[in-house]
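Participant: show me how the following folds:
(chains A, B and C)
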Amino acid sequence: MARVLLVDDAAFMRMRCAKLLTENGYSVDEAENGQEAIEKYQKIKPDLVLMDITMPVMDGLTAVAEIKKIDPDAKIVMCSALGQQNTVMSAIKAGAKDFIVKPYQPEKILSTIKRFVG
Amino acid sequence: MAEELMDNENQYVVFRLDREIYGLEISAVREIITMQPITEVPGTEDYIEGVINLRGRVIPVFNLHRRFNLAEGEITRSTRIVVVEVEGNSIGMVVDGVSEVVRITRDLIEQPSSILCGIGEEYLTGVAKMADRLVILLDLNRVLQVNEGTVLENIC
Amino acid sequence: MGLNLDASPEELKIFLEEVEEHFQTLEEDLLRLEKEDEFNEDLMQEIFRASHTLKGSSATIGHHRMAELTHAMENVLDKLRKKQLAVSRELIDILFECLDHLRILRDEIINDEKSDLELEGILGKLSAVQKSGGIPAGRVDIQPPSSKASCQESERKIEIDLTWEEKDRIHNAVEQGLKPYIIRLTFDVEPEMLAVRAFVTLMALSELAEVVKSQPTADEIEHEKVSDTLVALLLTEGEEEKITKLVNELPSIAGCEIQLYADDIVRKTDSSAETVNEANNLSEERNQTGDQAKAGSAVKNVSAKKANRTVRVDVDLLDSLMNLVGELVIDRTRLFQILGNLEAIDEMDEISQDLGRTSIHIARVTTQLQEQIMKARMLPVENLFNKFPRMVRDLSQKAGKEVNFVMTGQETELDRSIIEEIGDPLIHLLRNAVDHGIESPEERRAQGKSSTGQLKLQASHEENHIIITIKDDGRGIDPEQVRQSAIKKGLITEEQAKRLTDKEAVNLIFMSGLSTATRVTDVSGRGVGMDVVRNNIEKINGAIEINSVVGQGTEFKIKLPLTLAIIRALLVSIGKSVYAIPLSTITETIRMQRKQIEFVNNREVIVVRGKVLPLIRLKSVFSGAVSEEEQKEKLFIVVVNLAGQQVGLVVDSLVGEQEIVIKSLGKYIGDVQGISGATILGDGSVALIVDVSNLIKKAAS
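Facilitator: Below is the predicted model:
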């Protein structure tokens, strides 16, 4: 069972996404911000990270760079809202694999995740 | 008591007040307890005897003697508090003694006006003419109605 | 009309909770933003984040109007944080208006009914502001565009310009057994995201194959020189299916054409592309049924891990737990009474001692249980205080006052039912402070004060009470003005007025029918006077006190019990009955000789430390006149104090101090003068609770 680390400061978004993923057979871990994401990444080595961009404490872009330092093979998918294209571009260049645009469409999330972790 | 009730009959808790026998529909009666210390609440209507502690709840106790303008009763070993429940509220009523539960068929009940003696007819639903006695059937809601004009006249 | 939101009830709960948090953040931050002179990047980011998260979440549940508004807000906030817009009073007003609108939209969710709120006005304002400060950002369709990849067969040759070096590279590769494919992809994606999408797609392709050339190039894409089409020449060892499979997996691709590149030879795509096509259709169908299932809100029980370990509890459950603990508290007292009786009878035998030990244990557990449940019912006053800064801001704007409002002690906890009760009185006091207390800037300057008035709201814990103070540095309450006003309204005579100390005179504002406001504004003067404030506070066994100095300001001090259900009380006996007097009202108890009683105006008083203290004989209040022979030589006086008024309650004896559980007398008993409720004592009997506030008022009249 693939492990996905869900990083978002909004508990509602995490809950929703976690529900979708667990229902589709993924094991889900959650982090509230970039800092927590790095800590959890080191601890649990997830197969994939879904990373929100706008978060307190540490934003998603910084977190991508940090995680990539720890694990150059880390698979990170950015969760972006419209209007954040520049940040997403930077994140992709920093090593994120893809991005999903909010509001999430379940099939898009699933197909994206599937592409990376099966 | 396991026998089924007939369509035209009801069970009543029968109690004594002064020299008269009264009946209350059993469905309204929650329990009957022995007399216990009643805390008087100053400034209330005279027919409110006070309050008691019923298993952690504070409930009011009515003095039916005063409510019905009967001679003041003495507390004896047979004095009981009949606890009734109306709209979720428990209320106690001091009576001189509880005798039994009886079945009364509807055809035994007469309208109060024809034979009443003692208390105001506004408190009654009727009078049951049993073989050996008369049972005055109380309209609980009226008895417990507070803040009304308390003009209780003896009809006889 | 329902909103048809796409979220389960549990999800909505979390959603609403978070929304409330973000509203709060926005409110606090906007107030800060207004005050701060310098650009505060962190603050701006926080405001932006709150709005941004609201947008994301509301769009996700399908609350389109909320998403639309937050999106428009975000555009403005984005400019603010990039310093393309300057903070102005007008802008803050608009943002506050947004917040008010958002609250209405939030309520739509709670009520599951669309409100008649129109967004045009506010959206117009936002877009006007936004345009005033730079390039307008395009309006965004909140509805996510659907995207489906489908590989098309193409008869047409896909063109790509290649340099001779690139052609050479292809040539060599083909000789090594690699296959060259040319692929044309069209994107179906939000225009803003086109560049990123193209970039990601190109990256994905390059992981599978060598990208010899792409139009646009990676560099162009990075600089957003993109159209909705991407053409690329790929070299791969694998089959065409590998590429089409990848393309199918890639999101937001509307069209895909693929051909084997062979110089000028056009090769039709083989059947594998069609297979892919079918598979694609299948997956679309599956998605649709998936959507339907979701629309029917088939909620599976999925335990999302929560960051903190909490459960939601119904308030009713807490109330009933509190009642049950009340029962235990009574029984605890009773147990000790029984134990005492046992001890009195004879020496404690083995069984009695055992009972004693168990009782002590039960008592201890009961106390702990009581404390824990009381804690569970506690909420920080923050929840209540939170709405005040905005309120004070609006009030002072309306009244043309400059007010610096400071709150402290928001973390102080109070029983939730008390918080509910105390809200209105606090609002009233704050209104009064802004409206009548704090002077206009001109007036303040004329008096040599700073033009900005200080208003302080403070909560703190003091032993078994919570103290809330409201303090302003305004004009204060003029005792003389209050005296005159009271005389004019016929509440007191001129004689009485003269005798009142200044402090007593100021306390007259708690009398009904007295208002010192010289004019009625829409802020105060709503018919709710200080008497109502006082009543509300005393109703929950609280007390209020005023300290006011003319020209320097006014301080209201509110003392509240920690909980409503259980209070500490002094038990006293009057005749054969035992009464309970709430400890929060008692200042001291005094033992006196009967001969020390003096008469003033035919009323009994005693002099305590030089002060005249009016007496109330509880016996005569509760059982009529007291005859001479009934009077005892030794008197016990319980001095009570509420709202600055002191009286001595004369009782027969003091029984002791105890925690009591407040019980209502019920509707059949109704309101009784001088009695606020009942409680059950350790011996099982019922004692009445003295309504001190009622007695003091009666004594005053």
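
Participant: only C-alpha atoms for contact and neighbour calcs from this point on.
Facilitator: Fine.

Participant: check contacts around the residue in chain B that chain C sits nearest to.
Facilitator: Closest approach between chain B and chain C, counting by CA to the nearest CA: residue B:42, at 5.2 Å. Counting by CA atoms under 8 Å, 6 or more residues apart in numbering or on different chains, residue B:42 makes contact with C:622, C:623, C:672.

Participant: ok, and the closest non-adjacent residue to the first one?
Facilitator: I take that to be residue C:622. Spatial nearest neighbour of residue C:622, chain neighbours left out: residue B:42 (5.2 Å); criterion: CA to CA, 6 or more residues apart in numbering or on different chains.

Participant: A helix includes that neighbour, no?
Facilitator: No: looking at residue B:42 with DSSP: H, G, I helix; E, B strand; the rest coil, it is coil, so not inside a helix.

Participant: tell me the phi and psi of it?
Facilitator: Residue B:42 adopts backbone torsions of phi -60, psi 150, taken as degrees, to the nearest 10.

Participant: can you pull the pLDDT of it?
Facilitator: On pLDDT, residue B:42 comes in at 88.

Participant: and it, how far from residue A:34?
Facilitator: 68 Å (CA to CA, to the nearest Å).

Participant: what do you get for residue C:614?
Facilitator: Using CA to CA, residue C:614 is found at 68 Å from residue A:34.

Participant: with neighbour numbers in mind, choose between the two.
Facilitator: For residue C:614 and residue A:34, the more surrounded residue by other CA atoms under 10 Å in any protein chain shown is residue A:34, and the numbers stand at 28 against 23.

Participant: which parts of the chain are helices?
Facilitator: Using chain A here. Counting by DSSP state H, chain A has helices at residues A:11-23, A:34-44, A:60-70, A:85-93, A:106-117.

Participant: look at chain B instead
Facilitator: B:64-67, B:140-144.

Participant: tell me the pLDDT of residue 51.
Facilitator: Unless you meant another one, I'm taking chain A. Looking at residue A:51, its pLDDT is 92.

Participant: think we crossed wires, I meant chain B
Facilitator: 94.

Participant: can you verify my assumption that it contacts residue B:61?
Facilitator: Yes: at 5.5 Å, residue B:51 and residue B:61 qualify as touching, with contact defined as CA atoms under 8 Å.

Participant: now the common contact residues for these two.
Facilitator: With CA under 8 Å, 6+ apart, residue B:51 and residue B:61 have common neighbours residue B:38.

Participant: residue C:169 sits in which helix or strand?
Facilitator: Secondary structure from DSSP states H and E places residue C:169 in helix C:164-175.

Participant: give me the contact list for that helix.
Facilitator: C:179, C:180, C:212, C:213, C:235.

Participant: chain neighbours aside, what residue packs nearest to the residue of chain A found nearest chain C?
Facilitator: When scored by CA to the nearest CA, chain A has residue A:103 as its residue closest to chain C, at 4.7 Å. With CA to CA, 6+ apart as the criterion, residue A:103 has its nearest non-adjacent residue at 4.7 Å, and that residue is residue C:60.

Participant: do you know how far residue C:110 is from chain B?
Facilitator: As judged by CA to the nearest CA, to the nearest Å, residue C:110 and chain B stand 31 Å apart.

Participant: what count of nearby residues applies to that residue?
Facilitator: 12.

Participant: same check, this time on the one 3 residues further on
Facilitator: A total of 14 residues lie near residue C:113 under the criterion other CA under 10 Å.

Participant: again, but for residue C:58
Facilitator: Residues near residue C:58, counting by other CA under 10 Å, number 24.

Participant: one step back: how about the contacts of helix C:164-175, which pair is most distant?
Facilitator: Farthest pair in those (CA to CA) is C:179 and C:213. Separation: 14.4 Å.

Participant: show me which of these two is the more surrounded one.
Facilitator: Between residue C:179 and residue C:213, residue C:179 has the larger neighbour count (other CA under 10 Å), namely 22 against 19.

Participant: tell me what the more buried one is bridged to.
Facilitator: Bridge pairing for residue C:179 (DSSP bridges) gives the partners residue C:236.

Participant: I'd guessed residue C:467 sits against residue C:545; true?
Facilitator: No: the criterion here is CA under 8 Å, and residue C:467 misses it with residue C:545 at 10.8 Å.

Participant: joint contacts of these two?
Facilitator: Common neighbours of residue C:467 and residue C:545, counting by CA under 8 Å, 6+ apart, are C:557, C:558.

Participant: domain assignment for chain C?
Facilitator: Domains of chain C are assigned by automatic domain parsing as C:9-132, C:151-286, C:316-376, C:380-477+C:516-561, C:566-700.

Participant: which residues touch the closest residue to chain A within chain B?
Facilitator: Proximity of chain B to chain A (CA to the nearest CA) peaks at residue B:88, 41.5 Å away. Contacts of residue B:88 were listed using CA under 8 Å, 6+ apart, and none were found.

Participant: any idea how far residue C:677 is from it?
Facilitator: 19 Å.

Participant: also residue C:602?
Facilitator: From residue C:602 to residue C:677 the distance is 31 Å (CA to CA).

Participant: and the closest residue to residue A:13 other than its chain neighbours, how many neighbours?
Facilitator: Among residues not flanking residue A:13 along the chain, residue C:57 sits closest, at 6.5 Å (CA to CA, 6+ apart). Per other CA under 10 Å, the neighbour tally for residue C:57 reads 24.

Participant: give the contact list for the closest residue to chain B within the stretch 251-400 of chain C.
Facilitator: The stretch 251-400 of chain C approaches chain B most closely through residue C:327 (6.0 Å), counting by CA to the nearest CA. Contacts of residue C:327 were listed using CA under 8 Å, 6+ apart, and they are residue B:56.

Participant: again, only using 6 Å
Facilitator: Residue C:327 is in contact with no residue at all, counting by CA atoms under 6 Å, 6 or more residues apart in numbering or on different chains.

Participant: tell me the secondary structure of it, please.
Facilitator: With three-state DSSP as the criterion, residue C:327 reads helix.

Participant: ok, now how distant is residue A:37 from residue A:52?
Facilitator: 10 Å.

Participant: now swap in residue C:406 and tell me
Facilitator: Applying CA to CA to residue C:406 and residue A:52 gives a distance of 35 Å.

Participant: of those two, which one has the most company?
Facilitator: The neighbour count for residue C:406 versus residue A:52, taken as other CA under 10 Å, is higher for residue A:52 (27 against 12).

Participant: please name the bridge partners of the residue nearest to that one when sequence neighbours are not counted.
Facilitator: Distances taken as CA to CA, 6+ apart place residue A:79 nearest to residue A:52, at 4.6 Å, with adjacent residues excluded. Beta bridges link residue A:79 to residue A:52, residue A:100, judged by DSSP bridges.

Participant: around chain C, which positions in chain A sit nearby?
Facilitator: Within chain A, the positions near chain C by CA under 6 Å from any CA of the partner chain are A:12, A:15, A:19, A:85, A:89, A:98, A:103.

Participant: any idea which residue sits dead centre in chain A?
Facilitator: By CA atoms, centre = their mean, the mean C-alpha position of chain A lies nearest to residue A:50, the distance being 1.3 Å.

Participant: close enough to count as contact, it and residue A:77?
Facilitator: Yes: assessed by CA atoms under 6 Å, residue A:50 is found in contact with residue A:77 at 5.0 Å.

Participant: tell me the pLDDT of residue A:3.
Facilitator: 92.

Participant: beta-bridge partners for it, please?
Facilitator: Listed beta-bridge partners, residue A:3: residue A:27 (assigned using DSSP bridges).

Participant: wait, what's in contact with the residue in chain A positioned nearest to chain B?
Facilitator: Among all residues of chain A, residue A:12 sits closest to chain B, at 41.5 Å; criterion: CA to the nearest CA. Contact analysis of residue A:12 by CA under 6 Å, 6+ apart lists C:14, C:15.

Participant: what secondary structure does the closest residue to chain A within the stretch 401-550 of chain C sit in?
Facilitator: Residue nearest to chain A within the stretch 401-550 of chain C (CA to the nearest CA): residue C:411, separated by 22.4 Å. Following three-state DSSP, we place residue C:411 in the coil state.
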